[in-house]
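> no sequence on hand, only this structure:
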């Protein structure tokens, strides 16, 4: 690391420790703070470490560390019974029981996002016979865990940084994939205690405007989005590990034959002489490839299956199959929502009528309809 | 030791082939019975079937074992990291939806087929192509097959996507199998082996129970070829007449141990239990669609209008 980088780490370390002293309640994890310097660094520059493979230190410890305590079968059964009783009667609320403040949607509203799973690609065809490759996204059992209003969120560590020069916004914590509480620590389960939900495997924060706030326990389904609208999808790209320059940056490499020795997949020179007689910052070199958070923006929703909570999106999303992605309303100015979507979120009709099960975009050829004749 | 091994494998093969033939004939005879009876009878039969299953308490739906040869595209891609049960189920539902509109008949590599496609460039807006199916692949909605024919002494191949809505009609003119799974070597064979007239009429099958196997051996043109056919262990090819060094090299490169690699087989295929589940899910709908089509065909073309 260069001297500047070293200085920065030392500098950020100082800030960080001072922060921790101010808010000791935030750091509940037993880890030592010094390991997690990277969470406080500027990472827009390519020469600085880009990714962390561990959770940030202000997260509570999620999975219990292995203990060798042997538990008898009787005790285990007792624990299971207690868990059953604790979560038996606390089902998610019905929409009529929620006290939602009715608010109007306007183009500046930021609605909540949704946690989904990328479950693969599927072909569909448009009405003129053109093939569309769609990504299938399964919207998981999303529930709102809590809402943090703007005044509070500004005071948190991330909020203070994010809204330093901006008007502060609120934040909605959404969880997905309920799991057995035995798998998590007590601290992690306590996050869900006030809501009465099973602990969720995935948690996510969505920045929202106060008029899109939702009360805890609200389920969010695939109906949150509308067919035809554009969405942004963020995910973690495929982890390729340490890769050479040909795969990572698309360099040409060397010739396969014609007397080439030991120069087939090399990058060649990395600097020149005279004034530039050094390696310039940002030089493309071998290194870790993938496993980064990326967005693909402005993807059109082609079809929604309300029964199975599945969204079909035109194009590809970051990450491998069966990984978690997050779906947002798009921020692209020309593809932004013009009409009001279900705001603050979609609720099934109160009078018990079943919504349409499979909703198709008007440009698509529905599989049950007759063949296309040009 | 060796001799005993050989005899054992031979016996196993015999048993296996016998079982397959038996199973096919048994199950196919069941399928054949269906079109003979009228729709009312069929309805009654299905009702009684359901009743039986209700009485026993467990509903065990078993699809005929030859379904995995008839409808291989219903099996998902065996690559484990790309599989997802929900997505596979949704895809199967879409496939059945498409199949309710268009008849996608049973065919194999080696069958001679005719496909009619909507084509904006042709004068009557439809294009019909006749050819021999030389390869078939893909799973789910991305299933495809390649037809090959020789038109005006020029080899023509077209890849059709089975579930593309531009396809208007798929006909099987001659249903038969060949000795190999892939007939790509027809590209290097003499043209008469892949020449078929466009006016060909569908052949009537006398014995519906068995798909006939065409044991024809194709004569290849002399080298150069598109692929090294001598290395591929082809059955449907006449003697290649190559110098001995080619066969020696083929022997060096061959991987005869792969057929004993159980893990390789496991990764390349869907387990039999899963196949049964998948076909149990789709077979009732497939058979109903088949039945409806047969009834409509018997009533004649006037009823379709």
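Nice, I can see it. In this text the structure is predicted, and so the values were computed from the model without any measurement. Numbers count the residues shown, from 1 in each chain, chains lettered A, B, ... in the order given.

> hey, let's count contacts and neighbours off CA atoms from now on
Fine.

> what does the stretch 51-200 of chain B put close to chain A?
B:81-84, B:86-87, B:91, B:94-95, B:97-98, B:100-102, B:118-120, B:125, B:141-142, B:164-168 (C-alpha under 8 Å from any C-alpha of the partner chain).

> for residue 116, list each beta-bridge partner.
All of this refers to chain A. residue A:139, residue A:325 (DSSP bridges).

> you answered for a different chain; I wanted chain B.
The partner residues for residue B:116, given DSSP bridges, come to residue B:128, residue B:169.

> thought it was touching residue B:168?
Yes. Residue B:116 lies in contact with residue B:168 (C-alpha atoms under 8 Å); the separation is 5.4 Å.

> show me how far stretch B:261-280 is from its chain's centre.
17 Å (C-alpha atoms, centre = their mean, to the nearest Å).

> buried residues in stretch A:102-109?
By 16 or more other C-alpha atoms under 10 Å in any protein chain shown, the buried positions in stretch A:102-109 come out as A:105, A:109.

> start to end distance for it?
14 Å (C-alpha to C-alpha, to the nearest Å).

> what sits up against it?
With contacts defined as C-alpha atoms under 8 Å, 6 or more residues apart in numbering or on different chains, stretch A:102-109 is touched by A:208-209, A:211-212, A:337-338, A:340-341, A:343-344.

> go on, stretch A:236-243?
Contact with stretch A:236-243 is made by A:286-294, A:318-320, A:324-325, as judged by C-alpha under 8 Å, 6+ apart.

> again with stretch A:163-180
Contacts for stretch A:163-180 (C-alpha under 8 Å, 6+ apart): A:112, A:114-115, A:140-151, A:153-154, A:159, A:198-210, A:213-214.

> same check, this time on stretch B:251-258
Contact partners of stretch B:251-258, identified using C-alpha under 8 Å, 6+ apart, comprise B:231, B:264.

> quick one: it to chain centroid distance?
Distance, stretch centre to chain centre, for stretch B:251-258: 28 Å (C-alpha atoms, centre = their mean).

> I'd assumed residue B:103 was in contact with residue B:169.
Yes. Between residue B:169 and residue B:103 there is a contact under C-alpha under 8 Å: 7.3 Å.

> measure residue A:50 to chain B for me?
Taking C-alpha to the nearest C-alpha, to the nearest Å as the measure, residue A:50 and chain B are separated by 26 Å.

> just to revisit the earlier point, among the contacts of stretch A:236-243, the buried ones, what's the ChimeraX command?
In ChimeraX, this line selects whichever of the contacts of stretch A:236-243 come out buried by 16+ other C-alpha under 10 Å:
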select /A:286,288,289,290,291,292,294,318,319,320,324,325
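
> so can I have a markdown table of the contacts of stretch A:236-243 showing pLDDT and secondary structure?
Output for the contacts of stretch A:236-243, formatted as a markdown table (pLDDT from 0 to 100; DSSP: H, G, I helix; E, B strand; the rest coil):
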| residue | pLDDT | secondary structure |
| --- | --- | --- |
| A:286 | 93 | coil |
| A:287 | 90 | strand |
| A:288 | 89 | strand |
| A:289 | 91 | strand |
| A:290 | 89 | coil |
| A:291 | 88 | coil |
| A:292 | 88 | coil |
| A:293 | 89 | strand |
| A:294 | 91 | strand |
| A:318 | 95 | coil |
| A:319 | 95 | coil |
| A:320 | 95 | coil |
| A:324 | 96 | strand |
| A:325 | 96 | strand |
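
> quick one on the thing from earlier: so for residue B:116 and residue B:168, which residue has more residues nearby?
More crowded of residue B:116 and residue B:168, by other C-alpha atoms under 10 Å in any protein chain shown: residue B:168, with 20 against 16.

> cross-check the contact I'm expecting between that one and residue B:114.
No. Residue B:168 lies out of contact with residue B:114 (C-alpha under 8 Å); the separation is 10.8 Å.

> re the thing from before, can you flag the buried ones in the contacts of stretch A:163-180?
A:112, A:114-115, A:140-150, A:153-154, A:159, A:198-201, A:203-210, A:213-214.

> mind listing the helices in the stretch 101-250 of chain A by residue range?
Using DSSP state H, counting those that start in this stretch, the helices of the stretch 101-250 of chain A run over residues A:150-155, A:157-162, A:186-190, A:245-249.
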